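S.K.: Got a predicted structure plus its sequence, pasted below:
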Amino acid sequence: METFERASLVAKLADEKKAADITILDVRGLCNFADVFLICTGNNRVHLNAISDAIGTGMKRIQKRPALEDGHRNASWVVMDYGDVIIHIMSPEARSFYRLEKLWGDAKDVAWTPPVPAEAAN
């Protein structure tokens, strides 16, 4: 599975757990340790953990394990490092304070559209 396919899978997994403001940034050429940052928002610590657990489970299904996970259980920011894809799951306050999209302002925003629910497609 290619980098952007994995990022889209992660976005879908986060969306299934109701993560907000899912953003995929192409940081190739700007960053020497990753190709993609995925940033999303969870409402509180429990929500952040639910999102990260769902992503971890989904990535294990495709035989991907993170090189590093940090921020679980009592943090306002969870980072999951899958090498070329780094996931930032942030509380609204942390996302507003750190403004990663602004910090990486030269990165290209990769279009991602949440799947249409089956009942809405009919």
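M.R.: Looks like it arrived, so ask away.
S.K.: Next up, the contacts around residue 8.
M.R.: By CB atoms under 8 Å, 6 or more residues apart in numbering, the residues touching residue 8 are 24, 112. No exception for glycine: its C-beta is placed from N, CA and C like everyone else's.
S.K.: Please report the distance of it from residue 86.
M.R.: Going from residue 8 to residue 86 by CB to CB, to the nearest Å gives 15 Å.
S.K.: One more: residue 58?
M.R.: Using CB to CB, residue 58 is found at 16 Å from residue 86.
S.K.: And for residue 68?
M.R.: Taking CB to CB, one finds residue 68 at 9 Å from residue 86.
S.K.: Of those two, which one has the most company?
M.R.: Higher neighbour count among residue 68 and residue 86: residue 86, with 23 against 10, using other CB atoms under 10 Å.
S.K.: residue contacts, residue 23?
M.R.: 38, 39, 40, 101, 109 are the contacts of residue 23 under CB under 8 Å, 6+ apart.
S.K.: Where does it fall, secondary structure wise?
M.R.: Assigned by DSSP states H and E, residue 23 belongs to strand 20-26.
S.K.: So in that sheet, which strands flank the helix or strand following that strand, and in what orientation?
M.R.: Per DSSP H and E, the first helix or strand lying C-terminal to strand 20-26 is strand 36-41. Here strand 36-41 has these sheet partners by DSSP bridges: strand 20-26 (antiparallel), strand 85-90 (parallel).
S.K.: Remind me what the next helix-or-strand element following the shortest one packs against, helices and strands.
M.R.: In other words, strand 85-90. Proceeding N to C from strand 85-90, the next assigned helix or strand is helix 92-98, under DSSP H and E. Judged by 3 or more CB pairs under 8 Å, 6 or more residues apart in numbering; DSSP states H and E, the packing partners of helix 92-98 are strand 36-41.
S.K.: Sweet, I'm off.
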